[in-house]
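1. I'll drop the sequence and a predicted model, then ask my questions.
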Amino acid sequence: MTQTTLTRIQYQPHPEAGRVLSAGALTFLEELHTRFGGRRLALLQARQDRQRRLDAGELPDFLPETADVRSADWTVSPLPADLQDRRVEITGPVDRKMVINALNSGARMFMADFEDASSPTWDNCLAGQVNLMDAVRRTISLEQGDRTYRLNPTTATLLVRPRGLHLEEKHATFQDSPLSGSLFDFGLYAYHNAQERTTQGTGLYFYIPKLESHQEARWWNDVFTFTEQTLGLKRGTIRATVLIETILAAFEMDEILYELRDHSAGLNCGRWDYIFSFIKKFRTRHDRILPDRAQVSMATPMMQAYSKLAIQTCHRRRAPAIGGMSAFIPVKGDEAANERAFAQVRADKEREALNGHDGTWVAHPGMVALATEVFDRLMPGPNQITSGKQADLVVTAADLLTPPEGSITETGVNTNVDVSIQYIAAWLGGRGAVPIHNLMEDAATAEISRAQLWQWAHHEQRTTDHGTPITPEGLSRLIDAHVQRLNAEQPDRPDHLTEAARLLKQLVTQDQFEDFLTIPGYQYLR
Ligand SMILES: CC(=O)SCCNC(=O)CCNC(=O)[C@H](O)C(C)(C)COP(=O)(O)OP(=O)(O)OC[C@H]1O[C@@H](n2cnc3c(N)ncnc32)[C@H](O)[C@@H]1OP(=O)(O)O
Ligand SMILES: O=CC(=O)O
Ligand SMILES: [Mg+2]
């Protein structure tokens, strides 16, 4: 660890430290940490307290104490010009090539992701900041093989997703305490790019992940206000789209928009973490067990209720409601499978556009044209904020809380084991988004897979098709069998299968449900 002279933040050496962790940036991070670090810990404690109440049988509901916020007429601040039309947003990790490809992809927006799609190694976090600084200044380029990557004249608008509140940045400490991953990613991007962005006539745009309450939104709003004041930015230069991706946040959408009303750029339906959150929050409940992951689609009543409520809530507040990510990606070398993948994405995007979403996410540049065609066809204006769609919708707590019916199959169990091991191994190796069986897998989808295994074993489920009991011991054996198979398939793969299997066994067999796989996983990351 190196002691810097101007601040009390210590950090692990890195070749890019001189540029990213400049004295001014460190001072800013220290201010963020001292002002907001303690409140972050209190919010995390509040999550634990809430979980204890849920474990004891409490069910979420719309909050009586904020009924006036829900009933009053108010709107978020008008959207800046470059956030009015967000019909297609590509997402991806902050890797240099991906950043260039995503900005060039033809999508309106690019969300550069330090969260679900990133493995937060020290190198990924610092190199990611360098890539974004270069992208903002349009100097980013890359030579790879015989190809040169550089930006097209017209590129997507950049949005940045910092890590969630639960994650720490252990490579940078203040008085021996790790900094918050959220503040680290947010603070560095804001500090280094604020002036450049305002000179360019645009703002600092963010996605905020995994919020569980409007109090957490208030924390972010205070972070934004402090940042604008400290960096000399006009109020509202910072805009954030909040992912509604926890079952608890679904009950506080109005309140979240209200807290952020001067900084809001709407809400997004983060479907994968939402499903994960449902399993996590109702871990003790035998009446909330989900079927195979593949059966919890956006077409189920529970997921329709959630996404339509997001649309209704946003539009009432004149904010955009962005759709989510279909995990299907183009399939190379199998035309029929490729056509099926495109058909799946088309159906998903058509459902979103018809329901009233103002834009959507795609995982791969190959899906940009398809999603654009769908939204061009079904969304004539720049957005659907004033379309009136879902205006008369009534969603009850029961609609949000009733799990879809379905089955737990042998295939479902095996797929969850396979995907969990492969994803965790990739993440431990520094890759946060990977194609597995022709699907995009990231931290959120992997969380579902491992959480389902825990849920099924701890609620003594049997597979519907073969009647096999799902037990911790059985899962442990299955994990070993999958590792053996994966090793046999690719004996020379330089990866982390053994560590991944150890971590997965711990996650699915221990009595306690682990809130995030990335927390114990982070111990292994450099
Ligand atoms: C639940 C959620 O939070 S969803 C949001 C978070 N998840 C994500 O953002 C995942 C984004 N997607 C990806 O990371 C990738 O598409 C993957 C990992 C799934 C597949 O990536 P690859 O295996 O590289 O795909 P593939 O080989 O088909 O890529 C072809 C080209 O497209 C590029 N590409 C693929 N996906 C992306 C992307 N999302 N952004 C930019 N470029 C991309 C590749 O870099 C490659 O470029 P090249 O031809 O210049 O070498
Ligand atoms: O972040 C998106 C999700 O689906 O999770
Ligand atoms: Mg997510």
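-> Arrived safely, thanks for sending. Residues are numbered from 1 along each chain as shown. Ligands and ions are numbered 1, 2, ... in the order given.
2. who's in contact with residue 62?
-> 70, 251, 397 (C-beta atoms under 8 Å, 6 or more residues apart in numbering). Where C-beta positions appear, they are placed from N, C-alpha and C, glycine not excepted.
3. secondary structure class of the most centrally placed residue in the chain, three-state.
-> Nearest to the geometric centre of the chain sits residue 116, at 4.7 Å (C-alpha atoms, centre = their mean). Following DSSP: H, G, I helix; E, B strand; the rest coil, we place residue 116 in the coil state.
4. tell me which residues in the helix ranked longest in the chain are buried?
-> Assignment by DSSP state H gives helix 23-55 as the longest helix of the chain. For helix 23-55, burial by neighbour count (16 or more other C-beta atoms under 10 Å) applies to 25-33, 36-37, 40, 43, 47, 50-51, 54.
5. look up how far residue 213 lies from the residue of the stretch 51-200 of the chain found nearest ligand 2.
-> With C-beta to the nearest ligand atom as the measure, residue 116 is the residue of the stretch 51-200 of the chain nearest to ligand 2, at 4.9 Å. Here the criterion is C-beta to C-beta, to the nearest Å. By it, residue 116 lies 20 Å from residue 213.
6. give me the domain ranges for the protein.
-> The chain breaks down into these domains under automatic domain parsing: 9-399, 408-522.
7. make sure the residue of the stretch 51-200 of the chain closest to ligand 2 is actually in contact with residue 448.
-> No - in this structure, residue 116 is not within contact of residue 448 by C-beta atoms under 8 Å, at 11.5 Å.
8. residues in the stretch 251-400 of the chain within reach of ligand 1, list them.
-> Applying C-beta under 6 Å from any ligand atom, we find that the stretch 251-400 of the chain lies next to ligand 1 at 272, 325, 329, 330, 363, 364, 365.
9. just checking: which of those also lie near ligand 2?
-> 272, 325.
10. residue 491: neighbour count?
-> 7 (other C-beta atoms under 10 Å).
11. that's a helix at it, yeah?
-> No - per three-state DSSP, residue 491 lies outside any helix segment and is coil.
12. how much space separates it from residue 323?
-> Relative to residue 323, and taking C-beta to C-beta, residue 491 is found at 41 Å.
13. list the contacts for the residue of the stretch 51-200 of the chain closest to ligand 2?
-> By C-beta under 8 Å, 6+ apart, the contact list for residue 116 reads 161, 209, 272, 273, 432, 433, 442, 443, 444.
14. got the contact list for the residue nearest to residue 349 when sequence neighbours are not counted?
-> Nearest non-adjacent residue to residue 349, counting by C-beta to C-beta, 6 or more residues apart in numbering: residue 374, 4.2 Å away. Contacts for residue 374 (C-beta under 8 Å, 6+ apart) come out as 346, 349, 350, 353.
15. equivalent analysis for residue 303, please.
-> Neighbours of residue 303 in contact, by C-beta under 8 Å, 6+ apart: 271, 274, 275, 296, 297, 404.
16. make CSV out of those and add neighbour count, secondary structure and pLDDT.
-> CSV is the format used below for the contacts of residue 303 (neighbours: other C-beta atoms under 10 Å; DSSP: H, G, I helix; E, B strand; the rest coil; pLDDT from 0 to 100):
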residue, neighbour count, secondary structure, pLDDT
271, 27, helix, 98
274, 25, helix, 98
275, 27, helix, 98
296, 23, coil, 98
297, 18, coil, 97
404, 14, coil, 98
